[in-house]
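In: Give the three-dimensional model of this entry:
(one chain, ligands or ions: 1)
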Amino acid sequence: MDEIRIYPDPILRKKALPIKNIEDQVKEIADRMAESMYANKGIGLAAPQIGMLSQIVVVDLGEGLRTLINPEVIEGEGESVLEEGCLSLPNIEVPVKRMEKVFVRGWNLEGKELNLELFGFPGRVYQHEIDHLNGILIIHHISRLKREILIKKMRKELSKNI
Ligand code: ZN
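Out: Numbers count the residues shown, from 1 in each chain. You can find the predicted model right below:
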């Protein structure tokens, strides 16, 4: 199974490339992503988190698996702040300001265009995963000083587990 890439793995800071054709290889990556997400009890995962620079996200908010190809936040409004975690940043939570309502467009594995209108927490999860495709992590939503403190904390926790 694919290991989740952990910060500071440089791939997490790279921009994922758009998918031109939804071929078997794309479906295979999506399957591997879902497997890693469920194995780690996540609710969302982006392809760079398993080391693939492709614009694919998988999300399961308890209503079944959804795969989105080339997802984009088209527009949004309102804002809220909530603590978020990330499988690539174990043991830390970061308050992240996000839009309260978003329109997300993407394609499913059958090549059908999907337009999602999302509110609150589900919208937050998609914004988090789409950020990953642009090389942005939750720690990039806060000041450098706070980021350094959290990274130290994460490293300390990780070293305890070795
Ligand atoms: Zn994440």
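
In: which residue sits closest to K27, ignoring its sequence neighbours?
Out: Leaving out its chain neighbours, the residue that sits closest to K27 by Cβ to Cβ, 6 or more residues apart in numbering is L109, at 5.6 Å. Glycine gets a C-beta too; all of them are placed from N, C-alpha and C.

In: Confirm that that neighbour sits in a helix.
Out: No - per DSSP: H, G, I helix; E, B strand; the rest coil, L109 lies outside any helix segment and is coil.

In: surely it meets E28?
Out: No - applying Cβ atoms under 8 Å as the test, L109 and E28 come out as separate, 10.6 Å apart.

In: neighbour-wise, which of these two wins?
Out: Just comparing L109 and E28: by other Cβ atoms under 10 Å the higher neighbour count belongs to L109, 14 against 10.

In: can you pull the pLDDT of that one?
Out: Reading off the confidence values, L109 has pLDDT 97.

In: again with P10
Out: 98.

In: Give the phi and psi angles for it, as a check.
Out: Backbone torsions for P10, taken as degrees, to the nearest 10, come to phi -60, psi -20.

In: Thanks again, I'm all set now.
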